[in-house]
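Visitor: Fold the following for me, if possible:
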Amino acid sequence: MTEAPDRMRLDKWLWAARFFKTRKLAAEAVQGGKVHLNGLRTKPGKEVHIGSQLTISKGPFEWDIEVAVLPKQRRPASEARDFYIESEQSHARRQQLTEQIRAEKSAQPQATHRPNKRERRLIHRFKQSSQ
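Guide: Next comes the predicted model:
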(Lines give C-alpha, C1' and ligand atoms only; values in the text may rest on other atoms or scores of the structure.)
Protein backbone atom coordinates (compact mmCIF):
# COMPACT_ATOMS: atom_id res chain seq x y z
CA MET A 1 0.00 0.00 0.00
CA THR A 2 1.38 3.43 -0.95
CA GLU A 3 1.34 6.24 1.53
CA ALA A 4 0.12 9.81 1.00
CA PRO A 5 2.62 12.13 -0.70
CA ASP A 6 4.57 14.68 1.37
CA ARG A 7 4.23 17.35 -1.32
CA MET A 8 1.91 18.08 -4.24
CA ARG A 9 1.54 20.57 -7.09
CA LEU A 10 -0.57 23.59 -6.13
CA ASP A 11 -2.95 23.32 -9.09
CA LYS A 12 -3.46 19.62 -8.46
CA TRP A 13 -4.22 20.23 -4.77
CA LEU A 14 -6.73 23.00 -5.58
CA TRP A 15 -8.46 20.64 -8.01
CA ALA A 16 -8.43 17.72 -5.53
CA ALA A 17 -9.81 19.95 -2.75
CA ARG A 18 -12.63 20.93 -5.14
CA PHE A 19 -11.97 24.66 -5.27
CA PHE A 20 -11.94 24.35 -9.09
CA LYS A 21 -13.66 21.91 -11.46
CA THR A 22 -10.55 21.24 -13.55
CA ARG A 23 -6.80 21.49 -13.11
CA LYS A 24 -6.71 23.90 -16.02
CA LEU A 25 -9.07 26.31 -14.21
CA ALA A 26 -6.95 25.95 -11.07
CA ALA A 27 -3.75 26.69 -13.01
CA GLU A 28 -5.34 29.74 -14.67
CA ALA A 29 -6.45 31.08 -11.29
CA VAL A 30 -2.93 30.66 -9.87
CA GLN A 31 -1.36 32.35 -12.91
CA GLY A 32 -3.94 35.14 -12.70
CA GLY A 33 -2.94 35.97 -9.13
CA LYS A 34 -6.13 34.64 -7.53
CA VAL A 35 -4.21 32.18 -5.33
CA HIS A 36 -1.38 33.11 -2.96
CA LEU A 37 0.86 30.55 -1.26
CA ASN A 38 2.26 31.66 2.12
CA GLY A 39 1.32 35.27 1.28
CA LEU A 40 3.15 35.34 -2.07
CA ARG A 41 2.00 35.08 -5.65
CA THR A 42 3.13 31.78 -7.12
CA LYS A 43 3.04 29.41 -10.10
CA PRO A 44 0.76 26.38 -10.64
CA GLY A 45 3.65 23.91 -10.37
CA LYS A 46 4.81 25.15 -6.96
CA GLU A 47 4.71 22.39 -4.38
CA VAL A 48 2.48 22.67 -1.34
CA HIS A 49 3.15 20.88 1.93
CA ILE A 50 1.01 20.16 4.95
CA GLY A 51 0.80 23.43 6.88
CA SER A 52 1.10 25.70 3.81
CA GLN A 53 -1.07 28.82 4.01
CA LEU A 54 -3.26 29.60 0.98
CA THR A 55 -5.41 32.60 0.12
CA ILE A 56 -7.91 31.79 -2.63
CA SER A 57 -10.10 34.42 -4.32
CA LYS A 58 -13.04 33.24 -6.38
CA GLY A 59 -15.46 35.93 -7.48
CA PRO A 60 -16.50 37.97 -4.44
CA PHE A 61 -15.45 35.20 -2.03
CA GLU A 62 -12.06 34.69 -0.39
CA TRP A 63 -10.74 31.74 1.62
CA ASP A 64 -7.80 31.84 4.07
CA ILE A 65 -6.87 28.22 4.63
CA GLU A 66 -4.11 25.92 5.83
CA VAL A 67 -3.37 22.69 3.95
CA ALA A 68 -4.13 19.73 6.23
CA VAL A 69 -4.05 16.75 3.86
CA LEU A 70 -2.29 15.96 0.59
CA PRO A 71 -4.61 13.44 -1.08
CA LYS A 72 -3.49 10.73 -3.49
CA GLN A 73 -6.55 11.35 -5.67
CA ARG A 74 -9.62 13.56 -5.94
CA ARG A 75 -12.29 12.63 -3.42
CA PRO A 76 -15.99 13.53 -2.97
CA ALA A 77 -16.80 17.03 -1.77
CA SER A 78 -17.75 15.75 1.68
CA GLU A 79 -14.23 14.35 2.11
CA ALA A 80 -12.50 17.25 0.32
CA ARG A 81 -13.54 19.63 3.12
CA ASP A 82 -11.15 17.72 5.39
CA PHE A 83 -8.17 18.56 3.15
CA TYR A 84 -7.88 22.07 4.65
CA ILE A 85 -8.53 24.10 7.78
CA GLU A 86 -10.26 27.42 7.19
CA SER A 87 -9.66 30.30 9.60
CA GLU A 88 -12.63 31.53 11.64
CA GLN A 89 -12.33 35.08 10.24
CA SER A 90 -12.40 33.76 6.67
CA HIS A 91 -15.46 31.62 7.33
CA ALA A 92 -17.29 34.48 9.05
CA ARG A 93 -16.43 36.87 6.19
CA ARG A 94 -17.79 34.46 3.59
CA GLN A 95 -20.99 33.83 5.58
CA GLN A 96 -21.58 37.57 5.97
CA LEU A 97 -21.01 38.16 2.25
CA THR A 98 -23.38 35.31 1.36
CA GLU A 99 -26.10 36.80 3.55
CA GLN A 100 -25.53 40.25 2.03
CA ILE A 101 -25.83 38.87 -1.52
CA ARG A 102 -29.02 36.98 -0.61
CA ALA A 103 -30.52 40.15 0.90
CA GLU A 104 -29.67 42.19 -2.22
CA LYS A 105 -31.23 39.54 -4.49
CA SER A 106 -34.42 39.38 -2.43
CA ALA A 107 -34.73 43.19 -2.52
CA GLN A 108 -34.71 43.25 -6.34
CA PRO A 109 -38.03 42.81 -8.09
CA GLN A 110 -38.48 39.37 -9.58
CA ALA A 111 -39.64 38.97 -13.18
CA THR A 112 -42.91 37.10 -13.09
CA HIS A 113 -42.53 35.54 -16.53
CA ARG A 114 -41.07 36.02 -19.97
CA PRO A 115 -43.33 37.73 -22.48
CA ASN A 116 -45.12 35.36 -24.82
CA LYS A 117 -45.43 35.92 -28.56
CA ARG A 118 -48.50 38.16 -28.31
CA GLU A 119 -46.97 40.28 -25.54
CA ARG A 120 -43.74 40.68 -27.52
CA ARG A 121 -45.72 41.93 -30.54
CA LEU A 122 -47.48 44.48 -28.36
CA ILE A 123 -44.16 45.63 -26.91
CA HIS A 124 -42.67 46.02 -30.40
CA ARG A 125 -45.72 47.99 -31.61
CA PHE A 126 -45.52 50.25 -28.58
CA LYS A 127 -41.81 50.92 -29.11
CA GLN A 128 -42.27 51.62 -32.84
CA SER A 129 -45.21 53.97 -32.25
CA SER A 130 -43.22 56.05 -29.75
CA GLN A 131 -40.41 56.73 -32.24
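Visitor: okay, CA-based contacts and neighbour counts for the rest of this
Guide: Will do.
Visitor: can I assume Ala16 is in contact with Gln73?
Guide: Yes - in this structure Ala16 lies within contact range of Gln73 using Cα atoms under 8 Å: 6.6 Å.
Visitor: For the two, indicate the residue with more neighbours.
Guide: Set side by side, Ala16 and Gln73 show more neighbours around Ala16, with 23 against 11, by other Cα atoms under 10 Å.
Visitor: Next one: the more buried one from Lys72, what distance?
Guide: For Ala16, the distance to Lys72 equals 9 Å [Cα to Cα, to the nearest Å].
Visitor: Point to the residue nearest the middle of the chain.
Guide: Centroid check for the chain by Cα atoms, centre = their mean gives Lys58 as the closest residue, at 4.2 Å.
Visitor: what's the burial count for the residue nearest to that one when sequence neighbours are not counted?
Guide: What sits nearest to Lys58 in space, not counting adjacent residues and going by Cα to Cα, 6 or more residues apart in numbering, is Lys34, at 7.1 Å. Using other Cα under 10 Å, Lys34 is surrounded by 18 other residues.
Visitor: can you start the count at 8 instead of 1 from here on
Guide: Shifting the count to begin at 8 puts that one at Lys41.
Visitor: From what I see, Lys41 and Ile63 are in contact.
Guide: Yes - with contact defined as Cα under 8 Å, Lys41 and Ile63 form a contacting pair (5.9 Å).
Visitor: So what does Ala118 look like in phi/psi?
Guide: phi -70, psi 130 (degrees, to the nearest 10).
Visitor: What distance do you get for it to Ser136?
Guide: From Ala118 over to Ser136 the distance is 25 Å, taken as Cα to Cα.
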